[in-house]
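In: sequence and predicted structure below; questions after.
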Amino acid sequence: MADAILSLFLDQLKTIIDKAKKEVKLLVGVEEEVEKLERNLDLVLSVLADAEEKKTTNQLVKKWLDRLKEAAYDMDDALDEWKTRVELEVKGTENAANCQGKVLLLCNFLSCFSFHRLNSRREVAVNIKEINRRIDEIVKEKDRYQLESRKIELPKRPESSSFVDVSKLCGRDGVKREILSYLLGGNSEVEAGKLIQTVSIVGMGGLGKTALAQLVCNDPNVKQHFESVAWVCVSDSFDEKRVAKAIIQGLEKLSGPAAHGLESDPLEVLLGRISKSIEGKKYLLVLDDVWADEGQRWDSLKVTFNLGATGSKILVTTRDLNAASMMGSSDSEIIHLEKLGDEECWSILRDIAFRGKDKMKSREDLEEIGRKITKRCKGLPLAAKVLGSILQSRSTKGEWLTILDSEIWKLKLAQKEIFAPLLLSYYDLPHPVRRCFLYCVLFPKNLEYGCYDITSRWLAQGFLGSDPKADLESVGLEYFNILVARSFFQDFQIWNGHIYYFKMHDVVHDFGKYLAENEFAMKVVESDHLSTNSAKHRNLLVMVDKRMTFPTFISGAEKLRSLITYTRKDALTPHALRSLFNHCRRLRLLDIGLPHGRNQLYGEVPEEVGKLMHLRYMNLGFNEKLERLPEALCNILNLESLILRGCQNLKHLPESIGKLLNLRYLSTSGCFALTHYPKDIRKLTSLRTVTGAIARADRNDDKEFSLADLGNLKHLRTIRMKVVGNSIDKEEARKAELQNVEELLIYLEGEVEEDDIKEALHPPSGIRFSFVDDYLLTPPVA
């Protein structure tokens, strides 16, 4: 399997290079370097699959891949610094023009962003040339290792059939009865023009969708109810003729020479034969493992299906919710297959693990360990079967404890059997969505993710594109919905028809770690110094237990791109943060505000935060001791997301916050001590989402943000704000202009009436608009 992270990142780097060529002013010679880099990346991408396979037996190839990845990341950072310096110079020029003769100390401003002691665009250009020289040498070495261009070979899904050992299935009696009620009941939707009812079983790979369909297919009542039953394994490679031939073989019970005789028939003849086979008959057609990308190619087949008698049914299994809809299932006809309980998983694992061991003396001890291992299956029957098979060849307590303590993704049989169906789903994802999925493994298992928060993190890493004027948040939600539809996420919390929180199944998390290898790391602090492998670990989760404080030094931190802390109360001292900001200059994401790690900060945020030139995402939430933010924070030109929710004692936002022109997401929900928003918020014209905003209704104040200032924020889509004042200046409020807003929630603090606010703001029809009695009870965007 090709290096997942490297392949995706090189593709992303190509996009960045193309954008740089079009939009960024390049010095003489640098444009040639960038074009050379583009050619080199094409050569490297063509041999990645071969290099990935050879690295398992050739350490030199493995080191070659590591050096390539490191150089690619360095180039990305260099191009990002180039872009930022150009924007700073442009901004400095504009400010100078507005100063009307005043001296602008631009050099002092730029010094906050010194990176590798480079202080000019010319020096950045030299850095780009040096990195390109490294990449050029790496590309030349590919011939030494005889790396060749080849395609990624996906695991083949075994052909399924309608036959099943019913005695081996466990825990599906209830859902079987539900499916039978659909199949054997009447067809209430015939009158609505839906001649054939389609029932779909939807769930992630490994849940047992095929086994359940087999169980239903072999039920005596089904065989008696339908005149014809046909089973077709569709799988991921859709071909109309192949599916049509499989349907005919199932309906007419063809095999051998009779089946081979269909090979030469054109599709039209095959469809005519299906029509003749089902015309006037009540049939059941089972379509196993349907994928969604071939919607139009199904149309000719679906028309043919309508020729059957009333009461004919189609049963679909799929891991893609969109495929179920494409095949004609309504919401009520889609059955979401749930995880099994621990007892049911234990029954599966036990039957396999103890096969032939009935008289084993130590069975009782092993059963206790086996039940603990079962919990790691997290309700996935395939995982229970595979782990049972692994344990079947092991008879001692020590061997079983080794399996218990192992990570599933490091077990060879687990990689082969459990991850194979997930790998098919992964490669079915659009290329950009794969990066988004893999990034989710940076977080701890069983963590509840926020939908909008995760898309902001993707944005910070450049996964959603880099056009500041584009609606990248909608792109992120589209990617998120794809992952939801393909069953990569689960355990949803829904509010007002939208998913706000979700989780990732532990086995899916393990699968992501298996793909990403050493790209992401979790480190537990045991001393004042923390060591990480900077050549591989670009994204780090640091956990601090009750006895330790955050380390004052992280070895290898200079190349980190993401840092998430999960610490005890008061573990992050100003000294530790100052050291962190001085060394982690390449950070794109900094999260010290996880809800489960409250009050990590001990003191204020130091001025050195302004040195984080590349930072896009900063979460300081749930730190109750935080009272102020340094003005230097506003020097982070690239900052896109600033999350301060739950900072109950934060009294002021920085006065110069208007300098954060790329800010798209600002959250101050739960900042009780915050009395107003600065007037300069009106300058943040890139804002898409604001929660916890404070706007004056009674006047257009010189220092405080008011309702009229919303009119400057043309790209706002979501606003959750507190409106203050005992009266309303309706003429000013009408300047808010909410035409592009999709969601508006208002909490009134003062004596202004709801009707007056609504009349003045005049929210457009179709907007999700409401007043709330308790501002804190509204679901956070993150």
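Out: On my side now, so go ahead. Numbering: from 1, shown residues only.

In: switch to C-alpha atoms for all contacts and neighbour counts from now on
Out: Noted.

In: what residues are up against the nearest residue to residue 235 once chain neighbours are set aside?
Out: Leaving out its chain neighbours, the residue that sits closest to residue 235 by Cα to Cα, 6 or more residues apart in numbering is residue 289, at 4.9 Å. Shown in contact with residue 289 (Cα atoms under 8 Å, 6 or more residues apart in numbering): 210, 233, 234, 235, 236, 316, 317, 318, 319.

In: thought residue 341 was touching residue 377?
Out: No - look at residue 341 against residue 377 with Cα atoms under 8 Å: they stay out of range, at 9.8 Å.

In: please say which of those two ends up with more neighbours.
Out: residue 377 (26 against 16; other Cα atoms under 10 Å).

In: where does the residue nearest to that one when sequence neighbours are not counted land in three-state SS?
Out: Residue nearest to residue 377 in three dimensions, not counting chain neighbours: residue 383, with 5.4 Å by Cα to Cα, 6+ apart. Look at residue 383: counting by DSSP: H, G, I helix; E, B strand; the rest coil, its state is helix.

In: from residue 418, how far out is residue 383?
Out: Separation of residue 383 from residue 418 (Cα to Cα, to the nearest Å): 6 Å.

In: overlap in contacts, those two.
Out: Contacts common to residue 383 and residue 418, judged by Cα under 8 Å, 6+ apart, are residue 206.

In: circling back: just the buried subset of the contacts of residue 289, please.
Out: Buried residues within the contacts of residue 289, counting neighbours by 16 or more other Cα atoms under 10 Å: 210, 233, 234, 235, 236, 316, 317, 318, 319.

In: residue 144: which of these is nearest?
Out: residue 236 (36.6 Å; Cα to Cα).

In: pLDDT value on the closest one, please?
Out: The model reports residue 236 with a pLDDT of 57.

In: swap in the one 5 residues further on?
Out: In this model, residue 241 is scored at 83, pLDDT.

In: which SS class is it?
Out: Note that with three-state DSSP, the state of residue 241 is helix.

In: pull the contacting residues for it.
Out: 266, 267, 270.

In: mind checking which of the buried ones among the contacts of residue 289 are in strands?
Out: Under the assignment DSSP state E, those contribute 233, 316, 317, 318 to strands.

In: want to throw the residues you listed into CSV with pLDDT?
Out: Converted to CSV, these look like this (pLDDT from 0 to 100):
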residue, pLDDT
233, 84
316, 93
317, 92
318, 90
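
In: out of these, which comes closest to residue 713?
Out: residue 318 (42.9 Å).

In: quickly list what that closest one is bridged to.
Out: residue 202 (DSSP bridges).

In: what ranges does the stretch 351-500 of the chain have for its helices?
Out: Secondary structure of the stretch 351-500 of the chain (DSSP state H, counting those that start in this stretch): helices at 363-375, 381-392, 397-405, 412-417, 419-428, 431-439, 451-460, 472-485.

In: between those, which one is closest to residue 740.
Out: Taking Cα to Cα, helix 472-485 is the member of the helices of the stretch 351-500 of the chain nearest to residue 740, at 13.4 Å.

In: which regions of the stretch 151-300 of the chain sit below the pLDDT cut-off?
Out: 151-168, 186-194, 236-238, 292-297 (pLDDT under 70).

In: quick one, helices of it?
Out: Using DSSP H, counting those that start in this stretch, helices in the stretch 151-300 of the chain cover 173-184, 209-217, 220-225, 240-252, 257-260, 267-278, 295-305.

In: the first one to helix 209-217, inter-axis angle?
Out: Between helix 173-184 and helix 209-217, the angle comes out at 60 degrees (axes from the mean of the first three to the mean of the last three Cα atoms, to 10 degrees).

In: put the alpha carbons of helix 173-184 into CSV.
Out: In CSV, the C-alpha atoms belonging to helix 173-184 read as follows (Å, rounded to 0.1, in the frame of the first residue of the first chain):
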residue,chain,number,x,y,z
ASP,A,173,-32.3,-11.7,15.5
GLY,A,174,-34.0,-8.3,16.2
VAL,A,175,-32.8,-6.6,13.0
LYS,A,176,-33.6,-9.8,11.0
ARG,A,177,-37.2,-9.5,12.1
GLU,A,178,-37.3,-5.9,11.1
ILE,A,179,-36.0,-6.7,7.6
LEU,A,180,-38.5,-9.5,7.2
SER,A,181,-41.4,-7.2,8.2
TYR,A,182,-40.4,-5.0,5.2
LEU,A,183,-39.9,-7.9,2.8
LEU,A,184,-42.9,-10.0,3.7
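
In: residue 728 is in contact with residue 698, isn't it?
Out: Yes - here residue 728 reaches residue 698: they are 4.3 Å apart, a contact under Cα under 8 Å.

In: shared neighbours of the two, anything?
Out: With Cα under 8 Å, 6+ apart as the test, residue 728 and residue 698 reach no residue in common.

In: what about the longest helix in the chain?
Out: With secondary structure taken from DSSP state H, the chain has its longest helix at helix 59-98.

In: mind checking how far residue 462 is from residue 254?
Out: Distance from residue 462 to residue 254, by Cα to Cα: 53 Å.

In: the two - which one has more neighbours?
Out: More neighbours surround residue 462 than the other of residue 462 and residue 254, with 19 against 16 (other Cα under 10 Å).

In: lowest-scoring secondary structure element of the chain by mean pLDDT?
Out: helix 106-111 (a mean of 42; mean pLDDT, DSSP states H and E).

In: name the next helix or strand downstream of that helix, please.
Out: Remark: after helix 106-111, the chain's next helix or strand is helix 121-141, criterion DSSP states H and E.

In: any idea of the angle that next one forms with helix 59-98?
Out: For helix 121-141 against helix 59-98, the angle by the same axes, to 10 degrees is 160 degrees.

In: now do the buried residues in helix 121-141.
Out: So, applying 16+ other Cα under 10 Å, buried residues of helix 121-141: 121, 124-125, 127-129, 131-133, 135-136, 138-139.

In: and for stretch 337-352?
Out: Neighbour-count burial for stretch 337-352 flags 337-342, 344-350, 352 (criterion: 16+ other Cα under 10 Å).

In: out of the residues you listed, who's nearest residue 485?
Out: Looking across the buried residues of stretch 337-352 and measuring by Cα to Cα, the closest to residue 485 is residue 337, at 13.2 Å.

In: mind listing what the closest one touches?
Out: 175, 201, 202, 203, 207, 209.

In: could you do residue 586 as well?
Out: Here residue 586 is in contact with 77, 558, 559, 560, 561, 612, 613, 614, 615 (Cα under 8 Å, 6+ apart).

In: thought the fourth one was touching residue 554?
Out: This points to residue 560. No - Residue 560 is not in contact with residue 554 according to Cα under 8 Å; the separation is 10.1 Å.
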